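A.B. asks: All I have is the shape, not the residue letters:
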């Protein structure tokens, strides 16, 4: 197939050297596997990206965090126009057609929360070329309305977990959901390792914000007498505000903080050596790339029995019952529900010691391999091509 892949331009696509960037990692792994299989792949990304596909740069360098929304929209519009000129079989868009978004209000405080709507008149018409969009985000806030409007305009969608699909289906028009395809990790690069696990620390990786709950992981580690290792992104104003209120004042001398730019090889070592990776979310995670990376390294993940975690972790980690707690990612303080959540996580940690590294590793290889991922996307693209021809 001739495939045009449109990626965000906030960060470059760097493959194994990708320090931070969930969507960028997902795109890179899939693109490399597609090229390996002989597909003609064009990647629309920033000019400083690294790829085996034909790189179509829409800006010389990645725009960076907190970039002007208008600059990002302009690059995306350019990508769409160039892709149409190439007359591909399919366009795989990982930006939800950001060129046609209108940002109405930013309500972020301790998490990212904005009002975004689709401006139909600005959406570039791709004619007979089907557009497949991956649902990288959760079905909350502005996302359901945005996805509904894109589906009305004729776009097709791939979900990244069955739980996420269930939450989005009611917003999609008929025949617009192509199926669920789990994100992939480089299962050869992320591995169990040969050194003995120190197991004297807990690891948390992600964005500093209330919904991801690193302050909860921090309290769990201290109550268990363990060190906490935090590897997080702290670039947006709401991330800085959250860190300064909920994390920084409670750090102890044995804890370690690493930036999101930490080299991947060093992140892998942190995964390999941890007693467990903490996904102490307050919300239903749509996927959780950190989960897949940790499991590939043989380290169990502990998190709420909520969202995608239940189907992905299964018995290869620790799932904390939370249905009765009414956890809320919009909390502005540490609530009573969060305190009960912490107690339950501590109880759950007892079973983590019983899980050998081979259990999460085996499950990761089965669910998150590049082969499994691209098998799914090939099927989704062929469905979209067929459905688009039926509409013609």
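C.D. replies: Ah, there it is. Every value quoted in this text rests on a predicted model; they were computed, and no experiment measured them.

A.B. asks: Can you name the residues that contact residue 49?
C.D. replies: Contacts were defined as CB atoms under 8 Å, 6 or more residues apart in numbering; by that measure residue 49 touches 7, 12-14, 43, 55, 57, 62. Just so you know, the C-beta spots here come from the backbone N, C-alpha and C atoms, and that holds for glycine as well.

A.B. asks: Quick check: it vs residue 255, distance?
C.D. replies: 34 Å (CB to CB, to the nearest Å).

A.B. asks: With residue 349 instead?
C.D. replies: With CB to CB as the criterion, residue 349 and residue 255 are 17 Å apart.

A.B. asks: With neighbour numbers in mind, choose between the two.
C.D. replies: The residue with more neighbours, out of residue 349 and residue 255, is residue 349; 22 against 18, by other CB atoms under 10 Å.

A.B. asks: Can you tell me the element the more buried one falls in?
C.D. replies: Taking DSSP states H and E as the criterion, the element that holds residue 349 is helix 336-352.

A.B. asks: and that helix, what other elements does it pack with?
C.D. replies: In this structure, helix 336-352 makes packing contacts with helix 214-223, strand 276-278, strand 301-304, strand 318-320, judged by 3 or more CB pairs under 8 Å, 6 or more residues apart in numbering; DSSP states H and E.

A.B. asks: ok, the residue nearest to residue 81 when sequence neighbours are not counted - contacts?
C.D. replies: Computed as CB to CB, 6 or more residues apart in numbering, the closest residue to residue 81 that is not its neighbour in sequence is residue 124, at 6.7 Å. Residue 124 makes contact with 77, 80-81, 84, 97, 99-100, according to CB under 8 Å, 6+ apart.

A.B. asks: which element is residue 124 on?
C.D. replies: With elements taken from DSSP H and E, nothing contains residue 124; it lies in neither a helix nor a strand.

A.B. asks: Return the per-residue confidence for it.
C.D. replies: Among the per-residue scores, residue 124 shows a pLDDT of 97.

A.B. asks: Same question for residue 4.
C.D. replies: Residue 4 is assigned a predicted lDDT (pLDDT) of 98.

A.B. asks: Next one: it from residue 164, what distance?
C.D. replies: Counting by CB to CB, the gap from residue 4 to residue 164 is 24 Å.

A.B. asks: Give me the neighbour count for residue 309.
C.D. replies: Residues within reach of residue 309, counting by other CB under 10 Å, total 26.

A.B. asks: measure it to residue 344 for me?
C.D. replies: Where residue 344 is concerned, residue 309 sits at a distance of 14 Å (CB to CB).

A.B. asks: re earlier: what's the most distant pair in the contacts of residue 49?
C.D. replies: The widest separation within these, taken as CB to CB, falls between 14 and 57 and amounts to 14.2 Å.

A.B. asks: that's a strand at residue 44, yeah?
C.D. replies: Yes: under DSSP: H, G, I helix; E, B strand; the rest coil, residue 44 sits within a strand.

A.B. asks: Confirm for me that it is in contact with residue 84.
C.D. replies: No: assessed by CB atoms under 8 Å, residue 44 is found out of contact with residue 84, at 11.3 Å.

A.B. asks: Between those two, which is the more surrounded one?
C.D. replies: When residue 44 and residue 84 are compared on other CB under 10 Å, the one with more neighbours turns out to be residue 44, at 30 against 16.

A.B. asks: got a list of what the more buried one touches?
C.D. replies: Going by CB under 8 Å, 6+ apart, residue 44 touches 4-7, 56, 58, 79, 82-83.

A.B. asks: Could you pull out the buried residues of the helix or strand bottoming out on mean pLDDT in the chain?
C.D. replies: Using mean pLDDT, DSSP states H and E, the weakest-scoring helix or strand in the chain turns out to be strand 101-106, at a mean of 81. Of all the residues in strand 101-106, those buried under the rule 16 or more other CB atoms under 10 Å are residue 101.

A.B. asks: Next, the angle strand 101-106 makes with the helix or strand following that strand.
C.D. replies: Along the chain past strand 101-106, the next helix or strand (assigned with DSSP H and E) turns out to be strand 114-118. Put simply, strand 114-118 runs at 160 degrees to strand 101-106, going by axes from the mean of the first three to the mean of the last three CA atoms, to 10 degrees.

A.B. asks: Strand 114-118: partners in the sheet, and parallel or antiparallel?
C.D. replies: Strand 114-118 has these partner strands in its sheet, going by DSSP bridges: strand 101-106 (antiparallel).

A.B. asks: which outside residues touch the strand it pairs with?
C.D. replies: 69, 73, 113-119, 146.

A.B. asks: how many neighbours does residue 281 have?
C.D. replies: Neighbour count of residue 281, defined by other CB under 10 Å: 23.

A.B. asks: Please look at it and residue 308 and confirm they touch.
C.D. replies: No: counting by CB under 8 Å, residue 281 stays clear of residue 308, with 10.1 Å between them.

A.B. asks: Sketch out the helices for the stretch 51-200 of the chain, chain order is fine.
C.D. replies: With helices called from DSSP state H, counting those that start in this stretch, the stretch 51-200 of the chain shows them at 69-86, 143-152, 162-168.

A.B. asks: now for the ones you listed, which one comes closest to residue 230?
C.D. replies: In this view, the helices of the stretch 51-200 of the chain are compared for proximity to residue 230 by CB to CB, and helix 162-168 is the closest at 26.1 Å.

A.B. asks: just checking, what packs against that closest one?
C.D. replies: Secondary-structure packing of helix 162-168 (3+ CB pairs under 8 Å, 6+ apart): strand 156-159, strand 177-180, helix 309-313.

A.B. asks: residues making contact with the helix or strand that contains residue 265?
C.D. replies: Secondary structure assigned from DSSP H and E places residue 265 in helix 264-273. Residues from elsewhere that reach helix 264-273, judged by CB under 8 Å, 6+ apart: 16-19, 189-193, 195, 197-199, 201, 203, 205, 229, 231, 258, 277, 293-294, 297-299.

A.B. asks: now with 6 Å?
C.D. replies: Helix 264-273 has contacts (CB atoms under 6 Å, 6 or more residues apart in numbering) with 16, 190, 193, 197-198, 203, 229, 294, 297, 299.

A.B. asks: Sitting in strands, which of those residues do you find?
C.D. replies: For the contacts of helix 264-273, membership in strands holds for 203, 229, with DSSP state E as the criterion.
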